[in-house]
Every structure is written in structure tokens, then in C-alpha cells.
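# With the sequence up front, the predicted model follows.
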Amino acid sequence: QVQLVESGGGLVQAGGSLRLSCAASGRTFSNYAMGWFRQAPGKEREFVAAISWRGFSTYYADSVKGRFTISRDNAKNTVYLQMNSLKPEDTAVYYCAAGPIPTMSLDGMNYWGKGTLVTVSS
């Protein structure tokens, strides 16, 4: 089992920045690829970003490419999502997830956090 706890969400104005963190415990963190997903009100959960287990490879949804950066610190068992130039359409609950390989598929992730709310005001 891997337990994931997200933090860092909040209210920010459009154009602002936030950094989300996801702290992992349980099985060896560095064995897992990590991902961030989000779910806006009334919409399905969608892929945001993913990172390989060593952090050498990263993947992004087109909607966040160039604005968001995913990173990880295996010594701290933590994955981050730096979000810049935020837009109102980025408003969502953001979830951290762990799985065997980096993937855009929700089904490819084995463990999920409970999420942290990000609200971007216009």
C-alpha cells in the first residue's frame, strides 16, 4: 500500500502561481511513477502531468504544457506540481496518484490521494 496526501491548494487570482505537494508513505516511493490528475465541478477526472520513477521523463496535458511543472524528490518521498500562469479553467480538485509507469490513464494508477482544491478567480 502507498498512502498519498496532497497539500498546497487554495484560492489564487488568475495569472498567479501555486505549488502542490504530495507526500507518500508506505511502500518504496521511488519504485513508482507519479501523476497529477484533476477534476473540475461537473466534469470527469482528467490527466494533468506524470513523472517517471527517477524523474527523468515527464509528460503533460496540452492544456497545462508550458505552465505547469511536475517534479519529485525521492529522498523526501514527495512529488510536486508547480503551477504558473493559472487560469480560471484550472479550477479543480487536484489528485496525486502512483502507479507502475507514467500514464495519462486513470486506470493505470494504483493509489490515489484524497485531493486538494485549487480555485482560480478571474
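Done, it's in.

# For the residue nearest to the spatial centre of the chain, which three-state class applies?
In the chain, the C-alpha nearest the mean C-alpha coordinate belongs to W36, at 2.4 Å (C-alpha atoms, centre = their mean). On the three-state scheme (DSSP: H, G, I helix; E, B strand; the rest coil), W36 is labelled strand.

# Tell me which residues touch it, please.
L20, C22, V48, A49, A50, I70, V79, L81, Y94, Y95, C96, A97 (C-beta atoms under 8 Å, 6 or more residues apart in numbering). Glycine gets a C-beta too; all of them are placed from N, C-alpha and C.

# Tell me the most packed of those, by neighbour count.
V79 (30 neighbours; other C-beta atoms under 10 Å).

# For it, give its distance to A24.
Applying C-beta to C-beta, to the nearest Å, the value for V79 to A24 is 7 Å.

# any shared contact partners between those two?
Joint contacts of V79 and A24 (C-beta under 8 Å, 6+ apart) are M34.
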